[in-house]
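Peer 1: Predicted model and sequence below, questions to follow.
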Amino acid sequence: MRKKIVAGNWKMNTNLQEGIKLAKAINEKLTTKNCDCGTTGVVIAPPFSHLYAINEVIDSDKICLTAQNCAAEEKGAYTGEISAEMLKSIGVKAVILGHSERRAYYGEISETLLKKVKLVQKNGMKPIFCCGEKLEEREAGNHFKIVENQIKEVLFELSAKDFENSIIAYEPVWAIGTGVTASAEQAQEIHAFIRKIVADKFGQELAEKKTILYGGSCKPSNAKELFAQKDIDGGLIGGASLKADDFFGIIEAI
Ligand code: PGA
């Protein structure tokens, strides 16, 4: 059985006090042990500045503390950067990499992302690797190719063992923060495609085990239908992860 995951990407939202309050509220709502030991994982990715403090107020066996990014270099003269090792040292378990906002606003390309993925894994954490097409790419019918290339250029450069230690999140750019969700059929179609290219590269057994999340305007009202799809194993949630009730509603949907 594949592990199901609901991951909250807080992006650049909440100050420290608000963030602690939100993390505590989510932590209190969770009654089962959700991080890495059960069949369902709950992930939160607060801003860097909150991670240490939030780690102090959550149960690490309920919530998997995750960062939204990390540096592509190990250490040294890189002003303003946060390394994978620093994240590891404050209790972070996973790192979101390749989010479309990082690709679009900070020029992140596959070459940089591969370096980041390797550093995250070297430090014993899990990359949550994002891929997804822009609206014009879907309209031109190029979405399969775009997603395939994004995955090929980074995750398919890893050994099977390292690939196994990664999570894929498919997030169509046109659905992020827009209120427009991919239909359950559209999302299932591309998730099935991703699983197929994984099977072609690493074999059916590994493909069947791979957790593939959907992201883009996922909310309590549509989560159930999305998560009911055969190849959708949970969600990467932006806006709806900023309210404990909404986030919990999505967790319940899974
Ligand atoms: P959204 O963001 O749920 O606000 O659309 C999803 C994401 O960017 O991870």
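Peer 2: Arrived safely.
Peer 1: And what about the residue in the chain sticking out farthest from the centre, helix, strand or coil?
Peer 2: In the chain, the residue that sits farthest from the middle, by Cα atoms, centre = their mean, is Ala77; the gap is 28.3 Å. Look at Ala77: counting by DSSP: H, G, I helix; E, B strand; the rest coil, its state is coil.
Peer 1: can you pull the contacts of the one residue in the chain that gets nearest to the ligand?
Peer 2: Using Cβ to the nearest ligand atom, the closest approach of the chain to the ligand is made by Gly238 at 2.3 Å. For every residue, glycine as well, the C-beta is placed using N, CA and C. By Cβ atoms under 8 Å, 6 or more residues apart in numbering, the contact list for Gly238 reads 9, 11, 176-177, 215.
Peer 1: same check, this time on Glu164
Peer 2: With the criterion set at Cβ under 8 Å, 6+ apart, Glu164 makes contact with 206, 209-210.
Peer 1: where in the stretch 1-150 of the chain is pLDDT low?
Peer 2: Residues of the stretch 1-150 of the chain meeting the criterion pLDDT under 70: 32-39.
Peer 1: Which positions in it make contact with the ligand?
Peer 2: Residues of the stretch 1-150 of the chain that fall close to the ligand, judged by Cβ under 6 Å from any ligand atom: Asn9.
Peer 1: Show me the strands in the stretch 151-254 of the chain, by range?
Peer 2: 167-170, 212-215, 234-237 (DSSP state E, counting those that start in this stretch).
Peer 1: so can I have TSV of those showing mean neighbour count and mean pLDDT?
Peer 2: Shown next, in TSV, are the strands of the stretch 151-254 of the chain (neighbours: other Cβ atoms under 10 Å; pLDDT from 0 to 100):
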stretch	mean neighbour count	mean pLDDT
strand 167-170	25	98
strand 212-215	27	98
strand 234-237	29	98
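Peer 1: Can I have the buried ones of the contacts of Gly238 as a PyMOL selection?
Peer 2: The following PyMOL line selects those of the contacts of Gly238 that are buried, judged by 16 or more other Cβ atoms under 10 Å:
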select buried, resi 9+11+176+215
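Peer 1: does Ser217 really touch Val173, like I thought?
Peer 2: No - between Ser217 and Val173 there is no contact under Cβ atoms under 8 Å: 11.5 Å.
Peer 1: Look up how far Lys145 lies from the residue nearest the centre of the chain.
Peer 2: The centroid of the chain falls nearest to Ile128 when counting by Cα atoms, centre = their mean (4.2 Å). Using Cβ to Cβ, to the nearest Å, Ile128 is found at 23 Å from Lys145.
Peer 1: Got phi/psi on Ala72?
Peer 2: Backbone torsions of Ala72, given as degrees, to the nearest 10, read phi -90, psi 0.
Peer 1: change the start of the numbering to 151 and stick with it
Peer 2: In the new count, where the first residue is 151, that last one comes out as Ala222.
Peer 1: show me what contacts it?
Peer 2: Contacts of Ala222 by Cβ under 8 Å, 6+ apart are 262, 265-266, 269.
Peer 1: could you say which helix or strand contains the closest residue to it other than its chain neighbours?
Peer 2: Once flanking residues are discounted, Ala222 sits nearest to Lys265: 4.2 Å by Cβ to Cβ, 6 or more residues apart in numbering. In this structure, Lys265 sits in helix 260-272 according to DSSP states H and E.
Peer 1: on that earlier part again, helix/strand/coil for the residue nearest to the centre of the chain?
Peer 2: Quick answer, by three-state DSSP: Ile278 is strand.
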